[in-house]
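Chemist: structure for this input, please:
(chains A and B)
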Amino acid sequence: QKEVEQNSGPLSVPEGAIASLNCTYSDRGSQSFFWYRQYSGKSPELIMFIYSNGDKEDGRFTAQLNKASQYVSLLIRDSQPSDSATYLCAVLSGNTPLVFGKGTRLSVIA
Amino acid sequence: NAGVTQTPKFQVLKTGQSMTLQCAQDMNHNSMYWYRQDPGMGLRLIYYSASEGTTDKGEVPNGYNVSRLNKREFSLRLESAAPSQTSVYFCASSHLTGGQPQHFGDGTRLSIL
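Modeler: Prediction:
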């Protein structure tokens, strides 16, 4: 059973700080990694993906991947109250469907 | 531009009743998915269709059936609803064959009494 682990939170950060969300995965052969944001009562939306080791930046968001340590993280710089949501990590391995973590709830305090 | 449309948005059933959740996408996507989301459990894949004419079981397929009616539509059927199937159901689609879901519908909140 391929597993994706996330701390459920809540992770509370003050407005303007950096929020760091972490995810570990069990399948060393995993190839692609995704972050989804889900506001309360809404559907998930894809916000970032990363395939290669290192960092990938998109605006205030940075995804970091370390395949040797089997973890992927999402950094949110200059956090805003509108970033308060649950962030879902998901991992794709070969031809098997995407496996989601249970999500980390982020709360940005104004 | 509707994206992924799910109907109904809310439904209450009695144990043993049957119903079909409808999903349609207007993006000409190849892959479509059905997920359920329970508190503290994340998203769990029920069934998916990597392309028109194919369907495959996901992590939690028991108690469900699906039909990929055409490229646009992918329905989920509960033949005999059970309280354990109370959940929020999301349909999703992707232009990639078997890839990650890119667009989600708004969800169907299903309660089974």
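
Chemist: so where do the strands sit in the chain?
Modeler: Just so you know, I chose chain A. A:4-6, A:11-14, A:19-25, A:32-38, A:45-50, A:54-58, A:61-66, A:71-76, A:85-92, A:99-100, A:104-109 (DSSP state E).

Chemist: that's the wrong chain, I wanted chain B
Modeler: With strands called from DSSP E, chain B shows them at B:4-7, B:10-13, B:19-25, B:31-38, B:42-49, B:56-57, B:64-68, B:74-78, B:87-94, B:103-104, B:108-112.

Chemist: any chance of these in a markdown table, with distance to chain A too?
Modeler: C-beta: built from backbone N, CA, C; applies to glycine. Compiled in a markdown table, those are given as follows (distance: least, C-beta to the nearest C-beta, whole Å):
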| stretch | distance to chain A |
| --- | --- |
| strand B:4-7 | 8 |
| strand B:10-13 | 12 |
| strand B:19-25 | 12 |
| strand B:31-38 | 7 |
| strand B:42-49 | 4 |
| strand B:56-57 | 8 |
| strand B:64-68 | 14 |
| strand B:74-78 | 14 |
| strand B:87-94 | 6 |
| strand B:103-104 | 4 |
| strand B:108-112 | 9 |
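
Chemist: turn the ones you listed into CSV, columns for mean pLDDT.
Modeler: Converted to CSV, those look like this (pLDDT from 0 to 100):
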stretch, mean pLDDT
strand B:4-7, 96
strand B:10-13, 96
strand B:19-25, 97
strand B:31-38, 95
strand B:42-49, 92
strand B:56-57, 94
strand B:64-68, 96
strand B:74-78, 97
strand B:87-94, 95
strand B:103-104, 94
strand B:108-112, 97
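
Chemist: how deep is A:A19 tucked in, by neighbour count?
Modeler: 24 (other C-beta atoms under 10 Å in any protein chain shown).

Chemist: is residue 73 bridged to anything, and to what?
Modeler: Picked chain A for this. A:N22, A:Q64 (DSSP bridges).

Chemist: my question was about chain B, not that one.
Modeler: B:A24.

Chemist: surely it is in contact with B:C23?
Modeler: Yes: with contacts counted by C-beta atoms under 8 Å, B:E73 reaches B:C23, the gap being 6.7 Å.

Chemist: ok, the two, which is more surrounded?
Modeler: Taking other C-beta under 10 Å, B:E73 and B:C23 do not tie; B:C23 has more neighbours (25 against 16).

Chemist: what's the closest non-adjacent residue to the more buried one?
Modeler: Spatial nearest neighbour of B:C23, chain neighbours left out: B:C91 (3.5 Å); criterion: C-beta to C-beta, 6 or more residues apart in numbering or on different chains.

Chemist: over to A:G94?
Modeler: Per C-beta to C-beta, 6+ apart, closest to A:G94 is A:G29, 6.7 Å.

Chemist: run through the residues that contact A:V99.
Modeler: Listed by C-beta atoms under 8 Å, 6 or more residues apart in numbering or on different chains, the contact set of A:V99 reads A:K2, A:E3, A:V4, A:Y25, A:A90, A:V91, A:L92, A:S93.
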